[in-house]
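Student: Let me see the structure of the following:
(chains A and B)
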Amino acid sequence: MTEAIQRAHGDVALFRLEGVLSPRPTLTAAAWLSLNARRVRARLLGMSSFALAGPLAMRDPGRATRLAWSALEGMSEDRLIVLGEIYADEHLLPALSEVGVELLERCRGRGQRVVLLSDNLDVIAQPVARHLGVDEVLCNAMELDDNGRATGRLRAPVLGPQLGGQALKGQLAERGVNLGAACAYGSQRGDSVLLGAVALPCCVTPDRELRRLARDLDWPIVEESRTQTTRLDRARLEGIK
Amino acid sequence: MTVSVSQSLAGRHLLVTGFTGFVGKVWVAFLLDRAPEIGKLTLLVRGRRDAPATERVRRAFERSPAMRPLREKLGADGLLALVREKIEVVEGDAREPLMGIAPGVLAALAPRLDAVVHCAGLTDFSPDPLAALDVNVRGAEHAADVAARTPDRRLVHISTCFVAGRVDGDVPEALVPGVSPNGTHFDVEAEKLGIESVCAAINAREGGPKKPAARRGRVEVGTQRAAALGWPNLYTWSKGLAEHSLGQRDDIALTLVRPSIVECAREFPFAGWNEGLNTSGPIVWMCSGFAWKVPMRADNCFDVVPVDTVARGMTLAVADAVTDRAAPVYHLASGDFNRLTFDRALDLTALKVRKGYVPSGVSAAERALLTHLDTTALDHGADRSYVLPVAKKATQWLRDSFRKFDPERHLPASVDDEARALWTDRVHSASLRLNKTSMLLKSIEQLWHAYQPFIHDHDYRFSTRRVRERTDALSPEEKALFGWDLSTLDWRTYWMDVEIPGLDKWSLPLLRGKDVPDDVGFDLGGDPPGVSARALSASATPSSEPLHRSASVVGDAE
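Tutor: Numbering: from 1, shown residues only, chains lettered A, B, ... in the order given. Alright, predicted model coming up:
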């Protein structure tokens, strides 16, 4: 029976950090990091960048993210790593989504390889991954210059807010992940491409646009409050549970 | 070719000075732990009025955290057996000819020695020049005199990288005797005579050597002379003179070992251990407090080396020395291969504060402010600093104003006696606090001036080629035990998880006037380490010289 369930779900489970496991968007992390820069001037610059990136995120999320990360230019690798750990410890881990964590633990319990996907920096995603005990993390990393200082640009290949592009597929293929035989959990409009590419997509407390899409495509939806899960979704989730 | 350190040291008999100091103690413990094949270590220790040399050594083995691994590994009986087998204690004083070792004892000891390892010395940046001459220069010469009486005449002298003086850039592992850091040709004997005669004149002028003005005068003159030869302070001057004096002798086989800034242990005796007030303690104390800008050059090297890494380097040098393969000079430094800059050290200190480390005695409001106040380097020297002098003057002015407070004159007549007494008390306590702050600011100002050559004026890059090459020639097992391991040191982990917690526990309490307790340890029983010394004394026939000489007063805290 277990093998049959595993076959049905594939051997890999992809979890999006932002939305599925944590309610905090990536831009918040960028803003927090830049507000904790070493010099006051850099903190002010970070605030200005964030003030521009916020409204821009609605129209062009990719550009908004690049603008937000650019505020970290000049920050030392030490500071990125330590602040990343502090941010994860103080802001992400205490607010992890219960249902997201429960789903992740079930996947692990079934023996699936769990891959955490995030467009956040590795210095933030890695401590969360360690805490959750996931097998692999695919996330972004800040480009550093020869002196170990951030250039403000993300190292290629960049995972944007819209997950599922060629960059992500390429990285997953390098790790031997066959999307056609994997399950994935997403919660934002940006996750729809990824969810559409896997064998078993699942929406976890989705935003409005993803919810509409999920209903159109008959994808299961899991809510933070499980009482809202539809009867159809319950039936579809039997395998997952 | 693989050259075994253990085999080189097996059965060797070393005379070690400065055992009660930081480096000496860790090195002896390290050697007993990792090279138990060593034949014997004779520790030359000063006696004190309250504790003879054997008692000081016994106490170190029983209680010092440096000996914790040995105590844990061997237990009381095992440690006692090890001490009886490997340790001898000889009472002496590096300032005295032949280090104050009784002639009979020396006659018995010298023929059995493979080398003398001289760790003793003053490490104060601005010592009395006469004391520095006595301990650091003559002490080294006396150690050389003892070494010259041993069969192979080997002396391993522990110096400092900063004998390089006021120079910048690459510093080779070399010594040119008689040539000072700024290229001046000088004679050590003439230097000693010169400074002594000037100090004698100052003493006579000021009414005696113990007068504070006389001491200030001696330090000032000594510092000026050091600067004239290219040394930044009296410590480096005296260590430099010692090297040049030893370097001109042809009756000893000299090996100079030069550590840079010796800091908290990385792993031995355990992570974080430190002893006494050291160089980075005050820096960390200030930068984890309210010092927002500090007079440092951000990209200069902060050449820190953990004490157990120094112990590894010393072991390599001594193993080379006793097999007559030693190079003349070994640098034990970090800057040429794994560089830590002042900027990075400040950043890591600030990040440690972010992660919850706040000096004790800080209020909640101050804590909140401190976590968002990141210290940065201000690229001008302490001479051009304007904040500290202004703050000091303002504090002194306020303090003096409060001291002049007269309730009869400054309070209106309508104020009753009770309120008058309350006001007087408050003003008095405020003036006391301001006085304390004023003295603190003065100390900080003096500290920045003392540190300026090392944290601002010069950027050193000490070559460590010899210990690295020596390490490359070791087997993998010996590399793990004795190899120069700085290339694997992650400064972030070391500084945040080892150095700052270590300083906080073992050094900073001393700055706050508190004691650092020894381990509970255990009692080694009736026969202390001196048992071997007694055996030595007995073997010193036909001499009937007493083993324990009278106590003398010399610092031995290298």
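Student: For the stretch 401-550 of chain B, which residues are neighbours of chain A?
Tutor: In this structure, the stretch 401-550 of chain B approaches chain A at residues B:Arg492, B:Met496, judged by C-beta under 8 Å from any C-beta of the partner chain. Where you see a C-beta, it was placed from the backbone N, CA and C, and this is true even at glycine.
Student: Which one of the residues in the stretch 401-550 of chain B is closest to chain A?
Tutor: Nearest residue of the stretch 401-550 of chain B to chain A (C-beta to the nearest C-beta) works out as B:Arg492 at 5.1 Å.
Student: List the strands paired with the longest strand seen in chain A, with their directions.
Tutor: Counting by DSSP state E, the longest strand found in chain A is strand A:113-121. Applying DSSP bridges, strand A:113-121 is found paired with strand A:12-16 (parallel), strand A:136-140 (parallel).
Student: Would you mind getting the angle between the host helix or strand of A:Val123 and strand A:12-16?
Tutor: Assigned by DSSP states H and E, A:Val123 belongs to helix A:122-132. Here helix A:122-132 runs at an angle of 130 degrees relative to strand A:12-16 (axes from the mean of the first three to the mean of the last three C-alpha atoms, to 10 degrees).
Student: Wondering if the strand or helix carrying A:Asp78 reaches chain B at all.
Tutor: Secondary structure assigned from DSSP H and E places A:Asp78 in helix A:77-87. Yes: shown here: helix A:77-87 in contact with chain B (C-beta under 8 Å from any C-beta) through A:Asp78, A:Arg79, A:Ile81, A:Val82, A:Leu83, A:Glu85, A:Ile86.
Student: Could I have the CA atoms of the helix or strand following that helix written out in CSV?
Tutor: Proceeding N to C from helix A:77-87, the next assigned helix or strand is helix A:98-109, under DSSP H and E. What follows is helix A:98-109, C-alpha atoms only, in CSV (Å, rounded to 0.1, in the frame of the first residue of the first chain):
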residue,chain,number,x,y,z
GLU,A,98,1.3,24.4,10.8
VAL,A,99,-0.4,22.8,7.8
GLY,A,100,2.6,23.3,5.6
VAL,A,101,4.9,21.6,8.2
GLU,A,102,2.5,18.8,8.7
LEU,A,103,2.3,18.1,4.9
LEU,A,104,6.1,18.2,4.7
GLU,A,105,6.4,15.8,7.6
ARG,A,106,4.0,13.4,5.9
CYS,A,107,6.0,13.5,2.7
ARG,A,108,9.2,12.7,4.7
GLY,A,109,7.3,10.0,6.5
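Student: And for helix A:98-109, what's in contact with it?
Tutor: Outside helix A:98-109, the residues that touch it by C-beta atoms under 8 Å, 6 or more residues apart in numbering or on different chains are A:9, A:13, A:15, A:20-22, A:114, A:132-134, A:183, A:185, A:202, A:204-205, A:222-224, A:226, A:240-241.
Student: which stretches of the chain have low pLDDT?
Tutor: Here I'm looking at chain A. Along chain A, segments meeting pLDDT under 70 span A:1-10, A:163-165, A:225-241.
Student: ah, no, chain B please
Tutor: Applying pLDDT under 70 to chain B picks out residues B:1-2, B:359-361, B:380-387, B:525-558.
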